[in-house]
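In: no sequence on this one, just coordinates:
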């Protein structure tokens, strides 16, 4: 028959404060190690696993992978040192940073100054804060050379491109310059070997003065033809303007007449009553001259006939009155109001029914709705506690902060914005509103999955996951609505009061 041995377990935070009994063994679920307790010191003694730090003596290590620091001759050395064999062991030694020599070749480094490279006792190159100075010629072998400089100065007046081509070789590759333009298209000036011509592709070449003959088709927009006129350009499909062409392109109809010989239009106006005569006659009239039809004129009697008073309100000859005096900004008090609906004005979420100091007795309703999410009740506490703190029954007053894992005296969580607050008139030095059911923010720690049952922890005011074997009646706070995986306390939404 197999036998299963179980030890008590907890996170590193919980294990560090757990004293235990003499020779008791527990499991640290964070570091995955065992702890042996002596019944006196919190945390006990931790047993090292294979991944922990260890001291090796007279050991042979195959393919070591080192991390952290190396100690040699009771020292971890300093930055830039190397390990040197002394015959009896190893020690940390410094590299000579001033000079590296081999025969007549030497590299010297001056402190906070230049670096000089010498070959055959002659200075070949000097590196300084101003850049690199080379004493001889610079030869660069390769297919690509990149110079990342904002400005390049060249002493030669002529730049040779494709200089390594033999004089007996027929050229086949185009040559020229390309300007890289970042996010815009690159631009080039190229000698085209196929056409034996300079080319800028489809781009525009701008010059103040162009000397020489132009051959072939000239296209594009001409910006200045001041030395030419239309007399120099023969008429094609786009015809020039003439009076005859313009007059023949127009026509008229109806009362509008057109003479194509003169280009003149004329209108035949019939004899009769025109608009100017109507305007003159109409300006002398008013509503007194127009008999009333189905659209009735305004009268005070007609307005009074459409208005009337109701319960507590009277109307007479344009005056509205109620059963009490009312001034600007006054609040009207009624002994009772019977209405089918109550609607409010103003912005959403503003305004109250009753007040904190003068509340209604009983509200009768079939259903209510609220923006906030929990039902809370006020209790006398021994201190002021912030929202999301886990509270238990006990202490010097009715409730206090939780301090023990799986405590069956847990009461709930300090609410943030309750939808319903009971026992609102409770008075004391410290009064804490505790969420008893519904959705509420809660401080938690450890590995928690959505839907896990939560209970108190050894950290004051913080909840944690309840393991099945640790359940005791009354120890459940609620269930997690979010995942959490931190050893330090944080805040998540929980469903308080659910087992």
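Out: Done, it's in. Note that the coordinates shown come from a computational prediction; the quantities given were computed from them, not determined experimentally. Numbering: from 1, shown residues only.
In: Please make it C-alpha for all contacts and neighbour counts, starting now.
Out: OK.
In: Do you have the strands of the stretch 151-300 of the chain handy? List them.
Out: Ranges of strands in the stretch 151-300 of the chain, per DSSP state E, counting those that start in this stretch, are 175-179, 187-192, 197-199, 256-259, 264-267.
In: highest average neighbour count across these?
Out: Greatest average neighbour count among those goes to strand 187-192 (a mean of 16), per mean count of other C-alpha atoms under 10 Å.
In: Please name every helix or strand in contact with that one.
Out: If you count contacts as 3 or more C-alpha pairs under 8 Å, 6 or more residues apart in numbering; DSSP states H and E, strand 187-192 packs onto strand 175-179, strand 197-199.
In: Which one, of the ones you listed, ends up nearest to residue 420?
Out: Residue 420 sits nearest to strand 175-179 of all these, at 72.2 Å, using C-alpha to C-alpha.
In: out of the helices and strands packed on strand 187-192, nearest to residue 382?
Out: The nearest among these, by C-alpha to C-alpha, is strand 175-179 at 77.6 Å.
In: returning to what we had before: now render the strands of the stretch 151-300 of the chain as JSON lines, adding mean pLDDT.
Out: As requested, the strands of the stretch 151-300 of the chain are exported to JSON lines (pLDDT from 0 to 100):
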{"stretch": "strand 175-179", "mean pLDDT": "81"}
{"stretch": "strand 187-192", "mean pLDDT": "85"}
{"stretch": "strand 197-199", "mean pLDDT": "83"}
{"stretch": "strand 256-259", "mean pLDDT": "84"}
{"stretch": "strand 264-267", "mean pLDDT": "82"}
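In: Let's have the ones you listed in TSV, adding distance to residue 139.
Out: As requested, the strands of the stretch 151-300 of the chain are exported to TSV (distance: least, C-alpha to C-alpha, whole Å):
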stretch	distance to residue 139
strand 175-179	22
strand 187-192	26
strand 197-199	30
strand 256-259	87
strand 264-267	86
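In: separation between residue 86 and residue 75?
Out: Separation of residue 86 from residue 75 (C-alpha to C-alpha, to the nearest Å) stands at 15 Å.
In: between the helices and strands packed on strand 187-192, which one is nearest to residue 466?
Out: Evaluated over the helices and strands packed on strand 187-192, closeness to residue 466 peaks at strand 175-179, with 68.8 Å, by C-alpha to C-alpha.
In: Which neighbouring elements make contact with that closest one?
Out: Here strand 175-179 touches strand 187-192, going by 3+ C-alpha pairs under 8 Å, 6+ apart.
In: What angle do strand 175-179 and the strand it packs on make with each other?
Out: Per axes from the mean of the first three to the mean of the last three C-alpha atoms, to 10 degrees, the angle that strand 187-192 makes with strand 175-179 is 170 degrees.
In: got the contact list for strand 187-192?
Out: Residues outside strand 187-192 that contact it (C-alpha atoms under 8 Å, 6 or more residues apart in numbering) are 174-181, 197-201.
In: That strand pairs with which strands?
Out: Paired neighbours of strand 187-192 in the sheet (DSSP bridges): strand 175-179 (antiparallel), strand 197-199 (antiparallel).
In: Work out the gap between the first one and the centre of the chain.
Out: On the basis of C-alpha atoms, centre = their mean, to the nearest Å, strand 175-179 is displaced by 43 Å from the centre of the chain it belongs to.
In: Skipping adjacent residues, who's closest to residue 456 in space?
Out: Nearest residue to residue 456, sequence neighbours excluded (C-alpha to C-alpha, 6 or more residues apart in numbering): residue 463, at 4.5 Å.
In: Please report how far that neighbour lies from residue 403.
Out: In terms of C-alpha to C-alpha, residue 463 sits 10 Å off from residue 403.
In: Mind listing the shared neighbours of those two?
Out: 456-457.
In: between these two, which one's more packed in?
Out: residue 463 (33 against 19; other C-alpha atoms under 10 Å).
In: and residue 348, how many residues sit next to it?
Out: Neighbours of residue 348 (other C-alpha under 10 Å): 7.
In: should've said residue 292
Out: The number of residues packed near residue 292 is 10, by other C-alpha under 10 Å.
In: What of residue 492?
Out: As a measure of burial, residue 492 has 17 neighbours, counting by other C-alpha under 10 Å.
In: Which residues are in contact with it?
Out: 441-444, 480-482, 484.
In: Kindly report the same for residue 268.
Out: 255-257.
In: Quick check: the gap between it and residue 407.
Out: Residue 268 sits 107 Å away from residue 407 when distances are taken as C-alpha to C-alpha.
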